[in-house]
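[1] Give me a model of this one.
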Amino acid sequence: MYVAVKGGERAIDNAHQWLAEERRGAPTVPELTIPQIREQMALAVNRVMAEGSLYDPDLAALAIKQARGDLIEAVFLIRAYRTTLPRLAASNPVDTGGMAVDRRISATFKDLPGGQVLGPTFDYTHRLLDFALMAEGDPPTPIPSPPGGGEAPGPTVSHTHDPKAPPSPRVGEGWGGGAPRIPHVTSFLNRDGLIETANPSDATPPDLTREPMELPADRTLRLQALARGDEGFILSMAYSTQRGYGRTHAFVGELRIGTVAVEVDIPELGFAVEIGEIELTECETVNQFKGSRTEPPQFTRGYGLVMGQSERKAIAMSLVDRSLRWQELGEDFTGAPAQDEEFVLMHCDNIQATGFLEHIKLPHYVDFQAELELVRKLRAEAVAMREAAE
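    Numbers count the residues shown, from 1 in each chain. Below you'll find the predicted structure:
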């Protein structure tokens with residue numbers, strides 16, 4: 001039970017004013033702009049969009065600025081804003097096979113159609129502070145556009161089958177040509193019957209943002225919860241499976257990052273219309289499976305799909321997804337946390353966790369007084385019993 005605090009409204013107004021001053025920082029330092037946050041803190045923006053379930057880089061950047069860099073608070077702001085938006089239509093499932101990839105790697109096959117695309121990644125950098133970034137000066141000269149228009153080349157494409165080949169433009173775009181389809185790596189295993197067959201469904205999955213979660217949950221609902229779950233929690237669950245808590249030994253079959261078209265069916269026209277593009281990170285893991293009474297030995301799949309460039313989240317999501325499928329695949333439940341659907345799904349949401357955690361700092365004066373009186377009563381009874389025994 002909460003009680004009113006004398007002078008509380010004035011104190012709250014003062015706290016808000018103080019917060020605004022702290023958020024602005026020293027007036028002698030130029031204020032951060034939304035474009036600066038959007039362009040130079042893109043990974044933080046991507047995380048806020050993914051966990052906030054709203055693809056809008058500008059609003060995510062605004063939320064980060066308003067939250068003073070607290071990403072969970074920024075996610076809270078985005079989700080609160082999202083609830084005010086009308087739903088005009090439902091888009092068709094995106095086609096990640098037609099993705100214009102910036103990054104595409106596989107830990108299972110060296111030579112791939114289209115090559116291994118390293119893209120922008122920290123994987124090969126030295127983890128040393130670059131003090132040159134502290135120097136202020138003129139911005140770098142932009143890369144000139146290629147002849148004939150189009151975008152400038154993106155990150156170098158590393159073709160493992162021909163390391164001496166000249167740099168190529170981003171796979172999936174080309175300069176003036178059509179976007180070639182990039183087949184998924186698991187399709188090669190699927191051709192030989194070495195991996196479980198994915199069973200697509202035309203049924204509309206439940207919407208976690210509009211309907212409360214009910215357990216047991218089907219895979220579509222679990223994937224929604226994992227996609228908007230806290231990256232740190234999902235990472236911890238995934239790491240636990242790699243340490244043996246879940247019997248999951250996975251290989252990254254493919255990790256790809258790029259843009260895909262979003263299409264909506266227009267009933268009046270009778271066909272789908274592209275309304276925009278979004279950046280996605282997709283990960284498919286290949287997992288060992290010794291077989292069961294109904295299935296032969298084969299590889300199984302784990303899947304992760306996250307808005308923006310969030311490859312750590314996508315990989316972790318695919319590992320946890322595979323771990324949660326133990327019952328579907330006829331495996332034994334070992335008691336691992338990552339196998340426990342209720343434990344994972346009911347604790348992965350950082351907004352719910354934050355709300356329940358932080359509510360204990362609000363006034364609980366009546367509750368505490370009741371507990372205090374109870375402890376005093378118990379202590380008095382204990383002293384009385386001791387004295388009577390003596």
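
[2] Could I get the CA-only coordinates of stretch 383-390 as PDB?
    Output of stretch 383-390 as PDB, limited to C-alpha atoms (Å, rounded to 0.1, in the frame of the first residue of the first chain):
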ATOM      1  CA  VAL A 383      11.700 -13.600  25.000                       C
ATOM      2  CA  ALA A 384       8.600 -14.700  27.000                       C
ATOM      3  CA  MET A 385       9.100 -18.300  26.100                       C
ATOM      4  CA  ARG A 386      12.800 -18.200  27.000                       C
ATOM      5  CA  GLU A 387      12.000 -16.600  30.400                       C
ATOM      6  CA  ALA A 388       9.300 -19.200  31.100                       C
ATOM      7  CA  ALA A 389      11.700 -22.000  30.300                       C
ATOM      8  CA  GLU A 390      14.200 -20.600  32.800                       C
END
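
[3] Would you pull up how far that stretch lies from the middle of the chain?
    60 Å (Cα atoms, centre = their mean, to the nearest Å).

[4] One more: stretch 302-309?
    7 Å.

[5] quick one: contacts of it?
    Outside stretch 302-309, the residues within contact range by Cβ atoms under 8 Å, 6 or more residues apart in numbering are 42-43, 45-47, 49-50, 55, 96, 102-103, 120, 223, 226-227, 248, 250, 257, 278-285, 287, 313-323, 325. Glycine gets a C-beta too; all of them are placed from N, C-alpha and C.

[6] Repeat that for stretch 35-48.
    57-58, 60-61, 63-65, 69, 71, 74-75, 78, 231, 279, 307-310, 313.

[7] Tabulate the CA atom coordinates of the lowest-mean-pLDDT helix or strand in the chain in CSV.
    Among the helices and strands of the chain, helix 186-191 carries the lowest confidence by mean pLDDT, DSSP states H and E, at a mean of 79. The C-alpha trace of helix 186-191 is given here as CSV (Å, rounded to 0.1, in the frame of the first residue of the first chain):
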residue,chain,number,x,y,z
THR,A,186,20.8,-24.6,-44.5
SER,A,187,19.1,-25.1,-47.9
PHE,A,188,22.2,-27.1,-48.9
LEU,A,189,21.8,-29.4,-46.0
ASN,A,190,18.1,-29.6,-46.6
ARG,A,191,18.7,-30.8,-50.2
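
[8] Buried residues in it, which are they?
    By neighbour count with 16 or more other Cβ atoms under 10 Å, helix 186-191 contains the buried residues 186, 188, 189, 190.

[9] The spatially closest residue to residue 332 that is not a sequence neighbour: what secondary structure?
    Leaving aside its chain neighbours, residue 332 sits nearest to residue 326 (7.3 Å; criterion: Cβ to Cβ, 6 or more residues apart in numbering). Using DSSP: H, G, I helix; E, B strand; the rest coil, the structure places residue 326 in coil.

[10] Now intersect the contacts of stretch 35-48 with the strands, please.
    279, 307 (DSSP state E).

[11] before we move on, the earlier item: make a PyMOL selection of the buried ones in the contacts of stretch 302-309.
    Buried residues among these (16+ other Cβ under 10 Å), as a PyMOL selection:
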select buried, resi 42+45+46+47+49+50+55+96+102+103+223+226+227+248+250+257+279+280+281+282+283+284+285+287+313+314+315+316+317+318+319+320+321+322+323+325
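
[12] Next, count neighbours for residue 108.
    Counted with other Cβ atoms under 10 Å, residues neighbouring residue 108 total 17.

[13] swap in residue 213?
    15.

[14] Mind pulling the model confidence for it?
    Per-residue confidence (pLDDT) for residue 213: 88.

[15] Now do the same contact list for it.
    Residue 213 sits in contact with 221, 225, 345, 346, where contact means Cβ under 8 Å, 6+ apart.

[16] Would you mind writing the PyMOL command to select the buried ones in these?
    Those of the contacts of residue 213 that count as buried under 16+ other Cβ under 10 Å are selected in PyMOL with:
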select buried, resi 221+225+345
